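Novice: Quick one: sequence plus predicted model below, questions after.
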Amino acid sequence: MAFRLKVAHIITRLELGGAQQNTLYCCSHHDRKKYEVILLCGPGGYLDKEAKANSKLYKTFFIPELKHPIRPWWDILAASKIWSILEKEKVDIVHTHSSKAGILGRPSATMAKVPLVIHTVHGWGFYPGQFFLTQWLYQKLERGVARDTDLLIAVSEENKKTGLEVGIGRKEQYRVIHSGIDPKAYIVSSVVAQKVRKQIGVQDRPAVLILSNFKKQKSPLDVVRVAKALVEKIPSVLFLWAGDGPQRKKIVKLIMNNGLRKNFKLLGWREDVAQLLAATDVLLLTSLHEGLPRVVLQAMAAGKPVVATAVNGTPEAVKQGVTGFLHRPRDIQGMAGSLFKVLANETLARKMGQAGRKALKGSFVIQEMLRQIEKLYDERSNKK
């Protein structure tokens, strides 16, 4: 076998999200003739089982000290373990994902004398409305570790622009590679769609799908507020919500206080995204900030219109009035109004869904995402 480069992907935790799913896709699908792959991450994520199931394709190192919250002692231990593993494994390329893993992993790679260090920005750890000291700290840390980085991959043009505006890295360090999905995976027959609708209890009711965790970033309480406004126009509407998280109690309380119990089904974490999309009419996303949300691409692939907030990379995928409707964060009445337009006009919904499918090609396809990443690996490794 010809010489292979050893690539180490590092991510904070394997939660059920776009950054994590794309990272695992890369780990599983890298060209094995050219790359040997290892994965470093913190334990306790929903997708841990997927990493363990792929042990024949790549070796996973679970680092208990690698956690989301800033904890200096744990962070020092995590960085030390990352450094030790990279040195022992004689890694050629380190590719970090997510803020915490990027902040700890890149200096560790430099200390381990890894020849090529790359970081993907799946959305910055700082954002508008964040506590100013936390925002300042994340920006300062990102500026510092950018010096330990050969390339910064941004999943959207907006993420690149934001980074440069606050002095993170240099323009020549950035490359934009959109997150991708496999569009074929979201084509579901009408027979299956009707079966799922019956199983979930949608029947003939208009149905809105939410695919998001219950964290502040996704502004989950706004989903309930949008539902309250929409129910005044469409009393029978059903909101199907796949996800879970720390704000679950608040969400349930707000649903009950607004008399919306019959309008919501909280499904918990689900992996049958294609079937859920096929069984519903429109996707709603109320995020305050994003990288490039995978759920938007999934909805487009399934031929469903999207109603979302116009944050970060979302407008690069959703075209206003063509594949969906975009609104400012917290625009409750605006989002409710757009959902009403789609649910009340089947022709408009079908037209937007068809436009979404046509638009979802090229840079938004996961195979193309991986091809561009591997091209960067090859180009920069040869220069080294």
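Specialist: Perfect, I can see it now. Predicted model only: the values in this text are computed from it and were never measured.

Novice: Low-confidence bits of the chain, can you list those?
Specialist: Across the chain, the ranges flagged by pLDDT under 70 are 1-2, 383-384.

Novice: Domain boundaries for it, per the record?
Specialist: 5-180+365-383, 183-361 (automatic domain parsing).

Novice: which residues in this protein form strands?
Specialist: Using DSSP state E, the strands assigned to the chain run over residues 5-13, 35-42, 59-62, 93-97, 116-121, 151-154, 174-176, 207-211, 238-242, 264-268, 282-285, 306-309, 324-327.

Novice: what's the closest non-adjacent residue to Pro43?
Specialist: Among residues not flanking Pro43 along the chain, Phe62 sits closest, at 4.3 Å (CB to CB, 6 or more residues apart in numbering). The way it works is simple: take the backbone N, C-alpha and C, and place the C-beta from them, glycine included.

Novice: Give me the neighbour count for the one you found.
Specialist: 17 (other CB atoms under 10 Å).

Novice: What residues are bridge-paired with it?
Specialist: Cys41 (DSSP bridges).

Novice: hang on, isn't it packed against Ile38?
Specialist: No. In this structure, Phe62 is not within contact of Ile38 by CB atoms under 8 Å, at 11.8 Å.

Novice: circling back to that earlier point, can you add distance to Met369 and give the strands of the chain back as TSV?
Specialist: Below are the strands of the chain laid out as TSV (distance: least, CB to CB, whole Å):
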stretch	distance to Met369
strand 5-13	14
strand 35-42	15
strand 59-62	21
strand 93-97	13
strand 116-121	10
strand 151-154	10
strand 174-176	11
strand 207-211	20
strand 238-242	23
strand 264-268	28
strand 282-285	20
strand 306-309	20
strand 324-327	22
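
Novice: And those strands: which comes nearest Gln333?
Specialist: Using CB to CB as the measure, strand 324-327 is the one of the strands of the chain that comes nearest Gln333, at 9.2 Å.

Novice: picking up where we left off before, which residues does the residue nearest to Pro43 contact?
Specialist: 41-43, 48 (CB atoms under 8 Å, 6 or more residues apart in numbering).

Novice: With neighbour count and distance to Thr96 as extra columns, can I get the residues you listed in CSV?
Specialist: Listed next are the contacts of Phe62 as CSV, based on neighbours: other CB atoms under 10 Å; distance: CB to CB, whole Å:
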residue, neighbour count, distance to Thr96
Cys41, 26, 11
Gly42, 24, 13
Pro43, 14, 18
Asp48, 17, 19
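
Novice: how far does stretch 266-276 stretch from start to finish?
Specialist: 13 Å (CA to CA, to the nearest Å).

Novice: Same question for stretch 174-194.
Specialist: Where stretch 174-194 starts and where it finishes are 45 Å apart, if you go by CA to CA.

Novice: Which positions in it come out as buried?
Specialist: Across stretch 174-194, burial judged by 16 or more other CB atoms under 10 Å covers 174-181, 183, 186, 188, 193.

Novice: that older thread, ok, the residue nearest to Pro43 to Val282 distance?
Specialist: Noted for Phe62: a distance of 38 Å to Val282, by CB to CB, to the nearest Å.
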